[in-house]
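> here is a sequence together with a model predicted from it:
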Amino acid sequence: MKELKKLTLKNVIDRSVEQFPERPALSWVDGEPITYKQLGEKTREIMNLLQNQGIVAGDRVAILSENKPHWGIVYFAITSMGAVAVPILPDFHPNEVHHIIRHAECKAVFISERLYDKLEEGPFDVLQTVILIDDFSLIPPATKKDKLKEMAMEGAKEFAKLKEAALRMAGKRPAEVDEEDLAVIIYTSGTTGHSKGVMLTHKNIVFDAQETLKIQMVTEHDRLLSVLPLSHTYECTIGLVIPLMQGACVYYIDKPPTARVLLPAMQKIKPTMMLTVPLIIEKIFKMRILPQLTSSSMMKKLYSVKPIRKQLHKIAGKKLLKTFGGELQFYGIGGASLAPEVEMFLREARFPYAIGYGLTETSPLVAGCGPKVTKFRSTGPPLPGVEVKIDNPNPQTGEGEILVRGPNVMKGYYKDPERTAEVMTADGWFKTGDLGVFDEDGYLYIKGRLKNMIVGPSGENIYPEEIEAIINEFEYVLESLVFQRGDRLVARVHLNYEELDKEFANSKLSESQIRKNIEELLEELRKNVNARVSSFSRIHKIIEQTEPFEKTPTQKIKRYLYVE
């Protein structure tokens, strides 16, 4: 491929349009793909639409929409004209949406009809242009949803006129975009409940994309099925920028990615690559695969014998690969920690998984590797060209805070120099807040969050994530959270009620007997866990968490909601 003269998103899309004009670029699973040539044309149309609405280089333009082919068109149009994209997570509360649009001083917003309610009646000072992303029609900012379709039809006519104007202006030179120009501001929900606007430059994103390709190649023949929100850096850089950089095609589903929707989509598209968070594969393993492998007392005995377990995992792995369409070559997992027993299954099943480590502030990838060179429980070595070091390592364990320095590290937090100074050292190192350790081969292992670490009675470091991993191995546990109450450790546990219902279905037990059985089960769990951890890491009490934990967009539990 032609080398990029400048690491800008505009150069990325221009090169791909030139090299892969007739290849499919973006598509609905059941739709007609947009080719790279059409992608280039539509991007220019949207740039002209924004220019006609008074948007200039440096202006902020929000994107509030579910995943769809138009999302990528809008993202590249905004950034190619030198404006700044502000992707907003669809799950954000209307109050958070309003805060982000005001804080970023967005002059325009692209919004889907489904999410239009989140914009209604927001008190906006600067916002002057609202565009329906579904068909690019112009909507007056104060429009009520019941008038939306009528206004959209008028807006569509206006867009048609602008499209004609765009064709006449085709020769007009767009604004020059530089590598160090701000490309996006991403507001993270994080796990603390305090949203920060992460400023990423064109170079941050394109550098990270280029270096990621050195650990996992993507070609024009690859097909990606997108299931994570594009407004998150993980999906945006690795699931949109990288495939479009290489001439691949990304497919989107128009419903939430439940098993009923995903299975036929995977059979139709036969994806070669997918990006997910741990929760997806953990649910498949715990609720579908494991129950089949331990369906009787005889099967449970056989499954406990390591050589037999490995063979059973291989058989299950082949079936799982067929479920995913049969052509999967890369199954990327990131955003949170993967359960050890699920990773062991993937390894023994010879499933093409790989775990990556990154943050929004690092565009996102920091460390990772391809499926053929993974190590159990590791995220892989640092990305080429990215420096990673362990700050103030423990003399016994080598564990300490992970610091990152490189062209992928953010410019800072928008309008927040104090918070930026807290996480950036004078010589350019970003403090991740994560604890980690390197092995002798330079592979990075994540131990947990620095702020989650608990100091034991004699100064021992206790990592709740490690205890949670042991709890989650228990057959009736879906997820858990360990925290300190006074000077003791307590765990909240969300059980697999689907499996428990099957267990109790034929027993004709009363409600009080079922409750007693669950209490006994939790006590048995507590004893089993305590037999496997150090004396200072023992659980004093287990609390049943009857509802699933509230989570961030990357499916990390919002710990601050549950820690007492």
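It's in. Numbering: from 1, shown residues only.
> okay, now Q267: neighbour count?
Neighbourhood size, Q267 [other Cβ atoms under 10 Å]: 13. C-beta: built from backbone N, CA, C; applies to glycine.
> how about the contacts made by it?
G325 (Cβ atoms under 8 Å, 6 or more residues apart in numbering).
> does E41 count as helix, strand or coil?
helix (DSSP: H, G, I helix; E, B strand; the rest coil).
> got it, and G448?
Here G448 is recorded as strand under three-state DSSP.
> is it in a bridge, and if so with what?
Under the criterion DSSP bridges, G448 forms beta bridges with L435.
> how near is it to V109?
Going from G448 to V109 by Cβ to Cβ, to the nearest Å gives 37 Å.
> so these two - more neighbours on which side?
Remark: of G448 and V109, V109 carries more neighbours, 27 against 21, as counted by other Cβ under 10 Å.
> for that one, helix, strand, or coil?
strand.
> over to G54?
Strictly by three-state DSSP, G54 counts as coil.
> please report the distance of it from K268.
42 Å.
> pLDDT of the helix or strand hosting A25, averaged?
Taking DSSP states H and E as the definition, A25 sits inside strand 24-28. Here strand 24-28 scores 98 as its mean pLDDT.
> switch to numbering from 27
Got it, first residue is 27 now, which makes that one strand 50-54.
> immediately after that strand, which helix or strand?
Counting by DSSP H and E, what follows strand 50-54 is strand 60-61.
> what helices or strands is that next one leaning on?
Applying 3 or more Cβ pairs under 8 Å, 6 or more residues apart in numbering; DSSP states H and E, one finds that strand 60-61 contacts strand 50-54.
> and the nearest residue to V276 once chain neighbours are set aside, its phi and psi?
Closest residue to V276 apart from its sequence neighbours, by Cβ to Cβ, 6 or more residues apart in numbering: L250 at 4.7 Å. Phi and psi for L250, reported as degrees, to the nearest 10, are phi -110, psi 140.
> what of M243?
Dihedral angles of M243 (phi, psi; degrees, to the nearest 10) stand at phi -70, psi 150.
> and the gap between it and E590?
M243 is 48 Å from E590, by Cβ to Cβ.
> returning to that earlier point: so what pairs up with the residue nearest to V276 in the strands?
Counting by DSSP bridges, L250 forms beta bridges with V276, M299.
> now do the same for it: its pLDDT.
For L250, the predicted pLDDT is 98.
> that one: what's it in contact with?
L250 makes contacts with G265, P269, A274, C275, V276, Y277, P297, T298, M299, M300, L301, as judged by Cβ under 8 Å, 6+ apart.
> can you pull out the low-pLDDT segments for the protein?
Scanning the chain for pLDDT under 70 picks out the ranges 147, 167-200, 215-220.
> how is it divided into domains?
Following automatic domain parsing, one finds the domains of the chain at 35-203, 277-437+454-477, 480-587.
> quick one: the longest one to chain centroid distance?
On the basis of Cα atoms, centre = their mean, to the nearest Å, domain 277-437+454-477 is displaced by 12 Å from the centre of the chain it belongs to.
> next one: the last one
The gap between the average C-alpha position of domain 480-587 and the chain average comes to 25 Å, counting by Cα atoms, centre = their mean.
> endpoints of that domain, how far apart?
Terminal residues of domain 480-587 lie 17 Å apart, using Cα to Cα, to the nearest Å.
> for the strand or helix carrying N37, C-alpha coordinates in PDB please.
Assessed by DSSP H and E, N37 sits inside helix 35-45. The C-alpha coordinates for helix 35-45 follow below in PDB (Å, rounded to 0.1, in the frame of the first residue of the first chain):
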ATOM      1  CA  LEU A  35      -7.900  10.500   9.200                       C
ATOM      2  CA  LYS A  36      -8.400  12.400   6.000                       C
ATOM      3  CA  ASN A  37      -5.300  10.800   4.500                       C
ATOM      4  CA  VAL A  38      -6.500   7.400   5.700                       C
ATOM      5  CA  ILE A  39      -9.800   7.600   3.900                       C
ATOM      6  CA  ASP A  40      -8.500   9.300   0.800                       C
ATOM      7  CA  ARG A  41      -5.900   6.600   0.300                       C
ATOM      8  CA  SER A  42      -8.400   3.800   0.700                       C
ATOM      9  CA  VAL A  43     -10.900   5.400  -1.700                       C
ATOM     10  CA  GLU A  44      -8.100   5.600  -4.300                       C
ATOM     11  CA  GLN A  45      -6.900   2.000  -3.800                       C
END
